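Engineer: no sequence on this one, just coordinates:
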């Protein structure tokens, strides 16, 4: 009994509510401002049991005028001519597939979100026919002549599937056309006149396949133009006037093909300027004898060309300081045997004259050692009366 | 005794009701977060169908059908109405628009609350019956106890069934309105 009463009572209430205020009872949401004039007339758009036929929408909004002509509306919106072509192209017109005017005109409130699949292929491309003015103004997009769909999907602008292969050859080869501010400010790139693609790939800036061969001859020969701070601060490099390439390859700093011939003549004779601290600490070298090159070659320290025994055998009493005989510093070709108690000039002269030897100024011509019996015409020969014996 | 009644009978009912609200909020959030809010549209008819299916129990109680165990059908009734109500709640979301569907929703919530109340009363009745059997076995007169138990359930039905009727009418008004005007 109570149930029946509740049933009938509620029915009467609901029926009365709907009859008196159908909008309040059934309206699922506020209408857009443009439809405010029909807000109290559900059947202006709805047909009982058939919902909202497209014909009713089109009755007020002819397809070819959508986006061009706007009906009287509380809220004016800028015309969108591209939208006209789009709506006229639909194979199946069902306005509510995308639009709903209850709960506002916001497409996000639509029961069914707009899908590009509903568009015919003729309207689907080019994208800009609807998305006019949406092409980004950056260098990439202003140069790209491809259709948006080559990289972007209809679902979202990003993520995109951009590949450089999609660009035409001309645009692809002019990297700086898009990557205009990407050129590093270092000296290498400032001087490089070649296209980025010569060294870099479109996938990533690094690893780069840079080769010096790609540089112009002029740039390639001026190593310090790029490698300005890489010249070592040692003596060798401080004095070297030759270009780096004279010794170093472009592949790596080492190994080098350094040759002393590359040095200036003035530098070449100053071995210790580079090889400082390399002078051996033995008796011979400690005495500050002349330039290294007098005995050594630039190729290697040994074998050294100097052999004192070839000139005079330093044995016995002759193992003395170099300066004892070589009285002129730095000129070890000059020597004197005088100055010792045995070799007084007067005595030597007397003895040689006794033997009939007049040319005895260059002792080692005949005396190559301290041997008592050495003498004769000597290696130099030509002695004017070179003696057979020595005392 | 009071503590036992609260924990064994009342608390589960309260939790069941609050759980329904919590589940609604979670489902609604997840669907909107996943961009599947439109699914809510279809959850209304599905939830309504589940609730309608749960009334097999009522048919069995009134002997309009004879299959199925009443106890099992009651459990099914409880489960289906809970899930069905959840679907209807998610379907409604928080979009306050037309009055009829919102009144229908309010009526449904009241009916569900009433259902949980009936669940508590039924468990108390079952315990009372068990106690009566014990006293009868001991030679006590249990007539008064029987009368009190039956009276509780009768009084509840006097409230629960009219609430169902109100819900049914408002639901039908909503459905008819949709059928008449909605674009399919």
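Structural biologist: All right, it came through fine. All values reported here derive from a predicted model rather than from experimental measurement.

Engineer: what about the residue nearest to residue A:332 when sequence neighbours are not counted, how many neighbours?
Structural biologist: Once flanking residues are discounted, residue A:332 sits nearest to residue A:326: 4.9 Å by C-beta to C-beta, 6 or more residues apart in numbering or on different chains. The C-beta positions use only the backbone N, C-alpha and C, and glycine is treated the same way. By the measure other C-beta atoms under 10 Å in any protein chain shown, the count of residues near residue A:326 is 18.

Engineer: look up the closest residue to the residue of chain B found nearest chain A, ignoring the ones flanking it.
Structural biologist: Closest residue of chain B to chain A, C-beta to the nearest C-beta: residue B:183 (3.0 Å). Distances taken as C-beta to C-beta, 6+ apart place residue A:51 nearest to residue B:183, at 3.0 Å, with adjacent residues excluded.

Engineer: residue A:188 and residue A:226 touch, don't they?
Structural biologist: Yes: with contact defined as C-beta atoms under 8 Å, residue A:188 reaches residue A:226; the gap is 4.4 Å.

Engineer: for those two, work out which one has more neighbours and name it.
Structural biologist: Between residue A:188 and residue A:226, residue A:226 has the larger neighbour count (other C-beta under 10 Å), namely 18 against 14.

Engineer: so what's the more buried one up against?
Structural biologist: By C-beta atoms under 8 Å, 6 or more residues apart in numbering or on different chains, the contact list for residue A:226 reads A:186, A:187, A:188, A:191, A:219.

Engineer: hmm, 10 Å instead?
Structural biologist: Shown in contact with residue A:226 (C-beta atoms under 10 Å, 6 or more residues apart in numbering or on different chains): A:186, A:187, A:188, A:189, A:190, A:191, A:192, A:212, A:215, A:219, A:220.

Engineer: give me the pLDDT for the residue nearest to residue A:332.
Structural biologist: Model confidence at residue A:326, given as pLDDT, is 83.

Engineer: residues touching the residue in chain A that chain B sits nearest to, list them.
Structural biologist: Using C-beta to the nearest C-beta, residue A:51 is the residue of chain A that sits closest to chain B, at 3.0 Å. Shown in contact with residue A:51 (C-beta under 10 Å, 6+ apart): A:45, A:94, A:96, B:178, B:179, B:180, B:181, B:182, B:183, B:184.

Engineer: and these as a markdown table, adding neighbour count, pLDDT and secondary structure?
Structural biologist: Below are those laid out as a markdown table (neighbours: other C-beta atoms under 10 Å in any protein chain shown; pLDDT from 0 to 100; DSSP: H, G, I helix; E, B strand; the rest coil):
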| residue | neighbour count | pLDDT | secondary structure |
| --- | --- | --- | --- |
| A:45 | 22 | 90 | coil |
| A:94 | 16 | 80 | coil |
| A:96 | 19 | 79 | helix |
| B:178 | 18 | 88 | helix |
| B:179 | 12 | 88 | helix |
| B:180 | 15 | 86 | helix |
| B:181 | 21 | 84 | helix |
| B:182 | 18 | 79 | coil |
| B:183 | 17 | 72 | coil |
| B:184 | 9 | 65 | coil |
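
Engineer: surely residue A:218 is in contact with residue A:243?
Structural biologist: No: with contacts counted by C-beta atoms under 10 Å, residue A:218 stays clear of residue A:243, the gap being 11.8 Å.

Engineer: comparing the two, which residue is more hemmed in?
Structural biologist: Between residue A:218 and residue A:243, residue A:243 has the larger neighbour count (other C-beta under 10 Å), namely 14 against 10.

Engineer: surely that one touches residue A:237?
Structural biologist: No: applying C-beta under 10 Å as the test, residue A:243 and residue A:237 come out as separate, 11.8 Å apart.

Engineer: would you mind listing the residues touching both of residue A:188 and residue A:226?
Structural biologist: Taking C-beta under 10 Å, 6+ apart as the criterion, residue A:188 and residue A:226 both touch A:215, A:219.

Engineer: show me what contacts residue B:72?
Structural biologist: Per C-beta under 10 Å, 6+ apart, neighbours of residue B:72: B:57, B:60.

Engineer: would it count as being in a strand?
Structural biologist: No: under DSSP: H, G, I helix; E, B strand; the rest coil, residue B:72 sits outside any strand and is assigned helix.

Engineer: the helix or strand hosting residue B:40 near chain A at all?
Structural biologist: Assigned by DSSP states H and E, residue B:40 falls within helix B:39-54. Yes: for helix B:39-54, a contact with chain A is found by C-beta under 10 Å from any C-beta of the partner chain, at residue B:41.

Engineer: for that helix, buried residues please.
Structural biologist: The neighbour-count check on helix B:39-54 (16 or more other C-beta atoms under 10 Å in any protein chain shown) flags B:40, B:43, B:44, B:46, B:47, B:48, B:50, B:51, B:54 as buried.

Engineer: what helices and strands are in contact with it?
Structural biologist: Where contact means 3 or more C-beta pairs under 10 Å, 6 or more residues apart in numbering or on different chains; DSSP states H and E, helix B:39-54 is packed against helix B:11-33, helix B:70-92, helix B:99-137, helix B:143-181.

Engineer: could you rerun that using 7 Å?
Structural biologist: Contact here means 3 or more C-beta pairs under 7 Å, 6 or more residues apart in numbering or on different chains; DSSP states H and E; on that basis helix B:39-54 packs against helix B:70-92.

Engineer: all set now, cheers.
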